[in-house]
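S.K.: Need a 3D model of the following:
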Amino acid sequence: MPIQQLPSHLINQIAAGEVVERPASVVKELVENSLDAGARSVEIDIVSGGQKLIRVRDDGKGIDRDELGLALSRHATSKISSLDDLEAVASLGFRGEAMPSIASVARLTLTSRALNADSAWQVEADGGKISAPAPAAHPAGTTVEVHDLFYNTPARRRFLRTERTEYSHIEKWVRRLALSRPEIAFTMTHNRRTVLNLVAASNEEMRRQRIATICGEAFADQCIYIERETEGIALSGWIGLPTFNRSQPDLQYWFVNGRSISDKTLSHAARHAYRDVLFHGRYPAYVLNLTMDPAGVDANAHPAKHEVRFRDGRRVHGVVSQAIEVALQDTRPGGHNVTPIPMTRDAVFNQGSMPLTAGPSSSAVRETLATYRTMATAPSFSELPDQAADIPPLGFAVAQLAGIYILAENSEGLIVVDMHAAHERIVYEKLKRGYDDRELVRQPLLVPETISVAESEANLVEQSGHLFEKLGLVVDRSGPHSLTVREVPVLLKNADVESLLRDVLADLCESGESNRIDDVSDDYLATMACHHSVRANRLLTLAEMNALLREMEGTERADQCNHGRPTWTAITLSELDRLFLRGR
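M.R.: Residues are numbered from 1 along each chain as shown. Just a heads-up that it's a prediction; the model follows:
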């Protein structure tokens, strides 16, 4: 076949193969156009999972009559006009491919009225043919109706799933877009039934309510708000407490300059920040917005704009990881106004290696009761200051239960503390501070270890020599496919050097950053902390219990132990009253 120019309609259908994967892709592109047009309200109507009808209506700036036809033409856009604009894209859509691509595989009607226009106009597209503009009745804004998606490409239509599945993909994207723009009202119907009605959020409480509606009340009750700017990169949003975690990374939302994306660098940065406050194999939950100079982000890295590429990924990783880590430092009693919930039964039983504590022996019970009798002479809580401000967050100890739990009373009610888990975190943080305050000391290996690697990995070590020195590793290239490790950090002198190096190389290849040395060092320190913490069935005096409570209040991340288990929980007086039906 000779080389020939493809007809424009076929070109549009080829582009549709990249942009329009399923009905959810159409909804995403149309809603993003509405957001770029400055809409304050977006209405979405879906019929039969989007296969029969997708209608998106907004109150944005609208489109002039003379530009309606251009809106359905390839590579026609109002969002960029030069290479400089393309290198610093601030809008969600900019390629000018979505509308003509959709029109090439569906029957499309575009109706719009510009803000200052006296009337609205409408054009229709069917099979690549665009009608002339005709007058229409429409308020300021734009409506796009997409009928019979893939009607002219039956092979594509056969790949669609059931109506319920296709609708679930649409709902997922609409919820993502609603999270990215809380100040905009969203309404969605499916088969004429309202399934989503989100009012515009004008304050933090309303934004939290939107989070609760989309991510669930449990997340909204167990998350803290963060806002931090460093080196021109701003991070804001909600992060779940470490004790609120998931078996899958299904509640992790990233928005970069308002665009919903998936990115390995950002995911790795968040995972690192949560590294020593989560159960192994569990995932954190968060809704985070990253705002930075658009010139530092390549939004053109994916045909459907699901991914971005950072020009300085290492700097972004560092800023994001540090911002989340600083926020997590305040997850301690009194550090925030959220009480950590106990770990769910499902999460505990997913941790096969988690040791279970046996119940107290009869002798331990007798000793505990004897200890309680001596406590009777201790000052009562009623003798403490009346002002709630003078009562510390964890209150004052009143008893010890089963040699495991400290019972305390504060101004709100009852506090229950797992003394071993709490002391483990206290000791661990002290060990970490002592280790971090020392200059990194390297230990030469008695016999340098040579490791066979891929040529690309050997090249990476040569290019990133300064990074390996910062990690405390002295690694030389000893051949085209081999590396020799000569020195390691003193704390890791007994570690598996080969596995350590391969893990570092894997991190660098995936995200351009590695925190493997810190992670392994923290594991060693966590083990030391576990062995040096108070054990179950050790009886403590009231003074010792109160000293532990005060240390918890001053220790970073004290809401959970090194393994991610909660160290304390609270039962308010109103909750106790409900348990005993008081006041009814």
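S.K.: Can you get me a residue count around Arg550?
M.R.: The tally of other residues near Arg550 (other CB atoms under 10 Å) stands at 14. Any C-beta I mention is one placed from the backbone N, CA and C, and that applies to glycine too.
S.K.: where along the stretch 201-350 of the chain do the strands fall?
M.R.: 223-230, 233-240, 252-256, 259-261, 286-291, 297-298, 309-310 (DSSP state E, counting those that start in this stretch).
S.K.: any chance of those in JSON lines, with distance to Leu196, mean neighbour count and mean pLDDT too?
M.R.: Output for the strands of the stretch 201-350 of the chain, formatted as JSON lines (distance: least, CB to CB, whole Å; neighbours: other CB atoms under 10 Å; pLDDT from 0 to 100):
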{"stretch": "strand 223-230", "distance to Leu196": "21", "mean neighbour count": "16", "mean pLDDT": "92"}
{"stretch": "strand 233-240", "distance to Leu196": "20", "mean neighbour count": "21", "mean pLDDT": "95"}
{"stretch": "strand 252-256", "distance to Leu196": "16", "mean neighbour count": "21", "mean pLDDT": "95"}
{"stretch": "strand 259-261", "distance to Leu196": "16", "mean neighbour count": "21", "mean pLDDT": "90"}
{"stretch": "strand 286-291", "distance to Leu196": "17", "mean neighbour count": "21", "mean pLDDT": "96"}
{"stretch": "strand 297-298", "distance to Leu196": "29", "mean neighbour count": "20", "mean pLDDT": "86"}
{"stretch": "strand 309-310", "distance to Leu196": "32", "mean neighbour count": "17", "mean pLDDT": "88"}
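S.K.: Please report how far the spatially closest residue to Gln329 that is not a sequence neighbour lies from Val277.
M.R.: Leaving aside its chain neighbours, Gln329 sits nearest to Glu556 (4.1 Å; criterion: CB to CB, 6 or more residues apart in numbering). With the distance defined as CB to CB, to the nearest Å, Glu556 ends up 10 Å from Val277.
S.K.: Please apply the same query to Thr77.
M.R.: In this view, Thr77 and Val277 are 45 Å apart by CB to CB.
S.K.: circling back: what sits in contact with each of Glu556 and Val277?
M.R.: Thr331 (CB atoms under 8 Å, 6 or more residues apart in numbering).
S.K.: ok, back up a step: list the contacts for the residue nearest to Gln329?
M.R.: 329-332, 429.
S.K.: Drop anything exposed from these.
M.R.: 331-332, 429 (16 or more other CB atoms under 10 Å).
S.K.: Columns pLDDT and distance to Glu498 on top of those residues, output as CSV?
M.R.: Formatted as CSV, the buried ones among the contacts of Glu556 follow (pLDDT from 0 to 100; distance: CB to CB, whole Å):
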residue, pLDDT, distance to Glu498
Thr331, 90, 36
Arg332, 90, 38
Glu429, 88, 31
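S.K.: Filter the residues you listed down to just the ones in helices.
M.R.: Counting by DSSP state H, the buried ones among the contacts of Glu556 place Glu429 in helices.
S.K.: could the buried ones among the contacts of Glu556 be laid out in JSON lines, adding distance to Thr189?
M.R.: Converted to JSON lines, the buried ones among the contacts of Glu556 look like this (distance: CB to CB, whole Å):
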{"residue": "Thr331", "distance to Thr189": "40"}
{"residue": "Arg332", "distance to Thr189": "45"}
{"residue": "Glu429", "distance to Thr189": "52"}
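S.K.: I'd like to know which of the buried ones among the contacts of Glu556 is nearest to Gln400.
M.R.: Arg332 (21.5 Å; CB to CB).
S.K.: from what I can see the closest one touches Arg550, true?
M.R.: No. Between Arg332 and Arg550 there is no contact under CB atoms under 8 Å: 11.7 Å.
S.K.: sorry, back to before: arrange the strands of the stretch 201-350 of the chain in JSON lines, one row each, with distance to Val453 as further columns.
M.R.: Shown next, in JSON lines, are the strands of the stretch 201-350 of the chain (distance: least, CB to CB, whole Å):
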{"stretch": "strand 223-230", "distance to Val453": "35"}
{"stretch": "strand 233-240", "distance to Val453": "33"}
{"stretch": "strand 252-256", "distance to Val453": "32"}
{"stretch": "strand 259-261", "distance to Val453": "31"}
{"stretch": "strand 286-291", "distance to Val453": "33"}
{"stretch": "strand 297-298", "distance to Val453": "29"}
{"stretch": "strand 309-310", "distance to Val453": "26"}
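S.K.: out of those, which comes closest to Ser119?
M.R.: Among the strands of the stretch 201-350 of the chain, strand 259-261 comes nearest to Ser119, with 33.9 Å by CB to CB.
S.K.: Counting by contacts, list what that closest one packs against.
M.R.: Secondary-structure packing of strand 259-261 (3 or more CB pairs under 8 Å, 6 or more residues apart in numbering; DSSP states H and E): helix 163-180, strand 252-256.
S.K.: Please say which of Thr77 and Val277 ends up with more neighbours.
M.R.: Higher neighbour count among Thr77 and Val277: Val277, with 25 against 19, using other CB under 10 Å.
S.K.: Nearest residue to the more buried one in space, ignoring adjacent ones along the chain?
M.R.: Using CB to CB, 6+ apart, the nearest residue to Val277 is Pro242, at 3.8 Å.
S.K.: Enumerate every residue touching that neighbour.
M.R.: 274, 277-278, 284, 328, 331, 340, 557, 559-560, 564.
S.K.: And for Gly50?
M.R.: 22-24, 26-27, 146, 149, 166-167, 170.
S.K.: Pick the one among the residues you listed closest to Ser202.
M.R.: Val27 (25.5 Å).
S.K.: longest strand in this structure, by residue count?
M.R.: In the chain, with assignment by DSSP state E, the single longest strand is strand 442-452.
S.K.: what does the following helix or strand past that strand rub up against?
M.R.: Using DSSP states H and E, the next helix or strand after strand 442-452 towards the C-terminus is helix 455-463. Helix 455-463 is contacted from outside by 468, 475, 477, 479-483, 505, 508-509, using CB under 8 Å, 6+ apart.
S.K.: and the direction of helix 455-463 versus that of strand 442-452, what angle?
M.R.: Using axes from the mean of the first three to the mean of the last three CA atoms, to 10 degrees, the direction of helix 455-463 lies 150 degrees away from that of strand 442-452.
S.K.: So which bits of helix 455-463 are buried?
M.R.: Under the neighbour-count criterion of 16+ other CB under 10 Å, helix 455-463 has 457-458, 460-461 buried.
S.K.: same deal with stretch 152-163?
M.R.: For stretch 152-163, by 16+ other CB under 10 Å, it's 152-153, 156, 160, 163.
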